[in-house]
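Visitor: coords please:
(one chain, ligands or ions: 1)
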Amino acid sequence: MGVKITWIGHGSFKVETETQKIIYLDPWIKGNPASKLSLDSITKADIVCVTHGHIDHIGDSIEIVKKTGAVFIGTPELAFYAQKCGVPTEGGDLCPLNIGGSCVVKGIKIIMTNAVHTSDIMVSEKDVVAGSGSCGYIIVTEGNVRIYFAGDTGVFGDMRLISDLYKPDIAIMPVGGKYNMGIREAAYAAYLVKPEIFIPMHYGTFPDQKADVEELKKMVSAWAPFTKVVVLNPGESFEYEK
Ligand code: ZN
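Guide: Numbering: from 1, shown residues only. Below is the predicted model of the structure:
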């Protein structure tokens with residue numbers, strides 16, 4: 001079996017690896033208009049990666065970690081916040097990283113990358129506490145499938161570095177515009193990152209962040225002909241085998 005990637009909706013994904021490890025990326029379940037999942041249905045997780053503290057990204061990550069015993073991965077500030085919210089530090093439930101750093105959890109390598117985006121931590125709709133900006137991740141599975149999860153970001157030149165260093169097979173990148181890359185920037189990002197597969201995310205949830213994915217496909221085929229755009233609907237999965 002290969003790697004199965006499910007778009008929960010908006011910027012949230014579930015990744016199932018070759019040995020059935022479960023990774024949630026920015027899981028926002030409660031209040032996510034694009035998600036058909038209920039938080040109660042999530043009973044098993046090994047790793048939860050959080051890119052930043054905006055409510056649609058930190059989402060339900062802490063609750064999922066607390067109920068499943070998964071390892072929480074985020075910036076030191078997000079990890080500190082998770083600890084204050086009751087995620088135990090003992091037993092390895094917290095794995096803070098900083099940009100350029102990495103760790104291996106349950107046989108899966110996680111590298112924290114740069115992202116160009118602002119962020120404090122939105123505790124609720126009303127309250128904000130200091131955060132530390134945003135990051136992305138490279139996830140290397142047990143079978144050496146390399147996934148670049150960009151989080152929220154604008155396009156930046158060092159995406160070329162991410163390509164050179166980690167050679168992602170799959171890139172999951174935002175295309176909704178307004179708060180991150182639109183389709184033109186994302187097509188250029190595909191040219192920089194050079195993945196085999198590009199899964200667009202962070203669009204279609206709200207009326208002010210739509211994306212013309214047919215136009216995106218045309219731009220990617222012009223600028224990054226080696227890259228295939230795989231468009232998912234929320235709840236849909238993509239399977240990849242090396
Ligand atoms: Zn954000």
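Visitor: which outside residues touch stretch 197-217?
Guide: 5, 7, 9-11, 13, 32-34, 152, 169-180, 182-183, 186-187, 190, 220, 224, 227-232, 238, 240 (C-beta atoms under 8 Å, 6 or more residues apart in numbering). For every residue, glycine as well, the C-beta is placed using N, CA and C.
Visitor: Can you tell me which residues in this structure are near the ion?
Guide: His54, Asp152 (C-beta under 5 Å from the ion).
Visitor: okay, and for the chain, where does confidence drop off?
Guide: Across the chain, the ranges flagged by pLDDT under 70 are 91.
Visitor: how does it look with 50?
Guide: Across the chain, nothing is flagged by pLDDT under 50.
Visitor: For it, just list every one of the helices.
Guide: Counting by DSSP state H, one finds helices in the chain at the ranges 55-58, 61-68, 76-84, 159-166, 183-193, 213-223.
Visitor: Looking at the contacts of stretch 197-217, which are in strands?
Guide: 5, 7, 9, 13, 170-174, 228-229, 238, 240 (DSSP state E).
Visitor: Output these as a markdown table; include the columns neighbour count.
Guide: Shown next, in a markdown table, are the ones in strands among the contacts of stretch 197-217 (neighbours: other C-beta atoms under 10 Å):
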| residue | neighbour count |
| --- | --- |
| Ile5 | 25 |
| Trp7 | 24 |
| Gly9 | 24 |
| Phe13 | 23 |
| Ile170 | 21 |
| Ala171 | 29 |
| Ile172 | 29 |
| Met173 | 27 |
| Pro174 | 27 |
| Lys228 | 15 |
| Val229 | 21 |
| Phe238 | 17 |
| Tyr240 | 18 |
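Visitor: Which positions in stretch 122-140 come out as buried?
Guide: Neighbour counts over stretch 122-140 (16 or more other C-beta atoms under 10 Å) mark Met122, Gly131, Ser132, Gly133, Ser134, Cys135, Gly136, Tyr137, Ile138, Ile139, Val140 as buried.
Visitor: what do you get for stretch 74-89?
Guide: Gly74, Thr75, Glu77, Leu78, Ala79, Phe80, Tyr81, Ala82, Gln83, Val87.
Visitor: hmm, who's touching that stretch?
Guide: By C-beta under 8 Å, 6+ apart, stretch 74-89 touches 49-53, 58, 61-62, 65-66, 72-73, 93-98, 112, 121, 129-133, 135.
Visitor: Buried subset of those, written for PyMOL?
Guide: Selecting the buried subset of those in PyMOL, with 16+ other C-beta under 10 Å as the burial test, is done by:
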select buried, resi 49+50+51+52+53+58+61+62+65+66+72+73+93+94+95+96+97+112+121+131+132+133+135
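Visitor: Filter the contacts of stretch 74-89 down to just the ones in strands.
Guide: Cys49, Phe72, Ile73, Leu94, Cys95, Pro96, Met112, Ile121, Val129, Cys135.
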